[in-house]
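S.K.: got a predicted model here, sequence first, then my questions.
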Amino acid sequence: MIQEKTEDTEMNEKVIAFGAFHPVPSFLFLMSLIVIAVFMANPVAVGILLLGALLFSAAIQGRKFFSDIAFYLVLFILLSLANPLFSHNGATPLFFLNGNPVTLEAVLYGADIAAVMITVIAWCRCFSAVMTSDKLICVFGGILPKISLVLTMALRFIPLFRRRHKELSDAQKAMGYYSEKGFVSKIACNARIFSALVTWALEGTADTAASMKARGYGLRGRTKFAPFRFTAGDGVLSFCAAALTVISILGIRLGIFTFSFYPRVEKISFSPVALCLYAALAAFSLFPFIFEAKEALRWKYLRSKI
């Protein structure tokens, strides 16, 4: 009998060193980067955040990262071209298309928005890789235990549902039941797969409910096991999350992290204060990648001594 691979097993195939931190400071640090990326407009700051996200994604995903790069490039090109086609604001027309000006400001603004979008997506993927379901329960379990349990179970169910659908589809193709020759036959095959998926989901729900009841879920006075311990390193990461938030607020209040593309592209600030803020933002943005690379080199060194 072939043992079915679970989601947790697949995720643990690639050990993420940054995931060794306590879930609470990890959650705060990564969420700070995501929120800052959403509201960031300065091209230099956006580039710093994008570089940190891509390097960290490459470190934790390995070869799978190259498929993401292709997606990011396509998304960047589409968003960069879409804005000047629909927005004709700006004082520097490059050429005219159907009588409408395509301006330099619109092109640069589209590229900036595309970079922000890719940065947010990349950091969200890093967040989902680091913050597993048990870590999310640790973060929100004490505040919203029932809601956190439902959300983590739902998030875990989505990849399981997709993997089960692929297994059923491959099994039907191997037995000759799956046909893509006609629209009606394809609908019939998908209907059989959907029926099997619904049955599997209902059986899994019943098994989960029985397991939770056997473990005393919902009973008063039930003890909880805390697999995570707050260490000095977690305190440093918490400080980094707070400092990152303060630096971002300071940069926005000083007008360094804000930027205007219309009617003309304003000059990027490279004052001493701006350079200090850029350097601090780069240090925090690159910290996950640097930590991941350091632990990978340390692991290779220790293995070489065996």
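M.R.: Everything's here; your move. All figures in this text were calculated on a predicted structure; none of them were measured in a lab.
S.K.: any idea how far residue 41 is from residue 17?
M.R.: In this structure, residue 41 and residue 17 are separated by 32 Å, where distance is defined by C-beta to C-beta, to the nearest Å. The way it works is simple: take the backbone N, C-alpha and C, and place the C-beta from them, glycine included.
S.K.: that should have said residue 269, apologies.
M.R.: Distance, residue 269 to residue 17, by C-beta to C-beta: 35 Å.
S.K.: who does the helix or strand encompassing residue 208 touch, helix- and strand-wise?
M.R.: Element membership for residue 208, per DSSP states H and E: helix 183-214. Counting by 3 or more C-beta pairs under 8 Å, 6 or more residues apart in numbering; DSSP states H and E, the packing neighbours recorded for helix 183-214 are helix 145-175.
S.K.: number of residues surrounding residue 78?
M.R.: 11 (other C-beta atoms under 10 Å).
S.K.: point out where the stretch 51-200 of the chain drops to low pLDDT.
M.R.: By pLDDT under 70, the low-scoring segments of the stretch 51-200 of the chain are 142, 145, 177-182.
S.K.: domain map for this structure?
M.R.: The chain resolves into domains spanning 20-131+249-304, 157-213 when parsed by automatic domain parsing.
S.K.: need those domains in a markdown table (columns: distance to residue 243).
M.R.: Output for the domains of the chain, formatted as a markdown table (distance: least, C-beta to C-beta, whole Å):
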| stretch | distance to residue 243 |
| --- | --- |
| domain 20-131+249-304 | 7 |
| domain 157-213 | 34 |
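S.K.: ranking the ones you listed by burial, who's on top?
M.R.: The highest average neighbour count among those, using mean count of other C-beta atoms under 10 Å, belongs to domain 20-131+249-304 at a mean of 17.
S.K.: distance between the ends of that one?
M.R.: Counting by C-alpha to C-alpha, to the nearest Å, you get 23 Å between the two ends of domain 20-131+249-304.
S.K.: by contact count, what packs against whatever helix or strand comes next after the helix holding residue 208?
M.R.: Stepping forward along the backbone from helix 183-214, the first helix or strand reached (DSSP H and E) is helix 232-253. For helix 232-253, the packing partners by 3+ C-beta pairs under 8 Å, 6+ apart come out as helix 23-39, helix 272-304.
S.K.: can you tell which of these is closest to residue 57?
M.R.: Shortest distance between residue 57 and these, using C-beta to C-beta, is found for helix 272-304: 8.9 Å.
S.K.: quick one: the closest one to helix 232-253, angle?
M.R.: Our comparison of helix 272-304 with helix 232-253, counting by axes from the mean of the first three to the mean of the last three C-alpha atoms, to 10 degrees, yields an angle of 150 degrees.
S.K.: average pLDDT for helix 272-304?
M.R.: Averaged over helix 272-304, pLDDT sits at 89.
S.K.: got the angle for it vs helix 23-39?
M.R.: Counting by the same axes, to 10 degrees, helix 272-304 lies at 140 degrees to helix 23-39.
S.K.: show me what helix 272-304 is packed up against.
M.R.: Secondary-structure packing of helix 272-304 (3+ C-beta pairs under 8 Å, 6+ apart): helix 43-61, helix 232-253.
S.K.: mind checking how far the spatially most distant residue from the centre of the chain is from residue 93?
M.R.: In the chain, the residue that sits farthest from the middle, by C-alpha atoms, centre = their mean, is residue 99; the gap is 40.8 Å. Using C-beta to C-beta, one obtains 12 Å as the distance from residue 99 to residue 93.
S.K.: cool, residue 76 as well?
M.R.: Between residue 76 and residue 93 the computed distance is 23 Å (C-beta to C-beta).
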